[in-house]
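> With the input below, show me the fold.
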Amino acid sequence: MKVLVATEKPFAAVAVDGIRKVIEEAGYELELLEKYGSKQDLLNAASNADAIIIRSDIIDAEVLDAAKQLKIVVRAGAGYDNVDLAAATAHNVVVENTPGQNSNAVAELVFGMAVMAVRNMYNGTSGTELKGKRLGIQAFGQVGRNVARIAKGFGMEVSAFDPFCPDEAMVEVGVTPVHSVEELYADNNYVSIHIPATPDTKKSVNYELITKMPKGGVLINTARKEVIDEEGLQKALADRADMKYVADVKPDNAEALKAEFGDRVFFTPKKMGAQTSEANINAGIAAAHQVVAYLRDGINKFQVNK
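Presented below is the predicted three-dimensional model:
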C-alpha cells in the first residue's frame, strides 16, 4: 500500500524522517509530494494512494474522485475544514485529525500576542500587565486547556465556556465554568477563541458579543477567521476605541482594519499557531501512526467524518 504525504508547506526534515520510519517499518511505501505547483500535481499523486497525510492542503471532491484506492486522509493538526467531509464519506474514505499535537504551540502563541497587545505592540508607550486580569477561554479542548495552564503561570483568573465539556473538568484544573458565551465575553478582560469553523459557529463572534467585553478588552483569535463576523468586528473596534484584536488568522478585511485602527490590531502573515519544530514533528509522526493503525488494524479513534 502507498501512503502519500502531500504538503504544499512541507514538514520539517526530521518530521519526514520520522514519518518515513513509521510507514516503512509497517511495510508500506511512502511517497512525498512537497511544494507542489498545481492541483493537478496532487491529483496525479493521489491517483494510486491508499492513504494521504496533509497539513493545510485541500482535499475536495475532485481529489477524492481521482484517488480511486484511497482509504484514509489524516490532517496533521487539529482543524480539518480543509477536507470535504461529506465528499469523503460519500467515497467511503475515513478522515482523521491529530488532536493535541499542536496544542501547546498554539497556546504559547496566544500569550505571545497577548503580551504584545497589552504592551501596545512595543511602541514605547506604557502598557498593562496580565497578572490579576481575567481571561475567558471559548472552547475548552486541548488548546484551551493549555491556554489555561499558561494563564495560571501569569497569575490570571481563568474561566471557560464549552457546552460539550463537563464543569468538573474545568473546576479540577482551577478554571471557572460559565454557562453562556455572552457571560464569557461580558466577564473577561481577555477572550481567547478556540472554536472550530462549523455552520453554527461561522460569524458567531459578532458585534453584539464583542462589545460586551469590559473596557480595555483584548480579543485573541488563534482559531479560524470564519468564526468572526468581520464587518461586526470593524464596527465594534470603531465604536470601542479601548478594544484590541489580535489574530493568527488574517481576516479578509485586514488592510481596512489596519488602516483604520493601526496598532490596535495585529495579524500574523500566515497561520503560525502550529509552526514550531516540536508541533511539526509531533503532528506528522502522529498522523503516520494513525494511518498505520487504520490500514493494518482498522483503528479509527480520531475519525471526524461519519
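> residues contacting Gly77?
Arg55, Ser56, Asn97, Thr98, Gln101, Asn102, Ala274, Ala283 (CB atoms under 8 Å, 6 or more residues apart in numbering). Backbone N, C-alpha and C define where each C-beta goes, glycine included.
> OK, contacts around Ile150?
Ala107, Glu108, Val110, Phe111.
> Just to be sure, which of these are found in helices?
Ala107, Glu108, Val110, Phe111 (DSSP state H).
> which of those residues count as buried?
Neighbour counting by 16 or more other CB atoms under 10 Å classes Ala107, Glu108, Val110, Phe111 among the ones in helices among the contacts of Ile150 as buried.
> so can I have a markdown table of those residues showing distance to Ala45?
Listed next are these as a markdown table, based on distance: CB to CB, whole Å:
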| residue | distance to Ala45 |
| --- | --- |
| Ala107 | 34 |
| Glu108 | 34 |
| Val110 | 35 |
| Phe111 | 39 |
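> Among these, which one lies nearest to Glu168?
Among those, Ala107 lies closest to Glu168 (CB to CB), at 21.6 Å.
> and that closest one, how far is that from Ala287?
20 Å (CB to CB, to the nearest Å).
> neighbours around Glu123, how many?
In this structure residue 123 is Asn, not Glu. 9 (other CB atoms under 10 Å).
> what's near enough to touch the closest residue to it other than its chain neighbours?
Nearest non-adjacent residue to Asn123, counting by CB to CB, 6 or more residues apart in numbering: Asp263, 5.9 Å away. If a contact means CB under 8 Å, 6+ apart, then Asp263 has Asn120, Met121, Asn123 as its contacts.
> Nearest to Glu129 among those?
Of these, the one sitting nearest to Glu129 (CB to CB) turns out to be Asn120, at 12.6 Å.
> In the stretch 101-250 of the chain, what residue spans correspond to helices?
Taking DSSP state H, counting those that start in this stretch as the test, the helices found in the stretch 101-250 of the chain are 103-118, 142-154, 167-171, 181-186, 207-210, 230-239.
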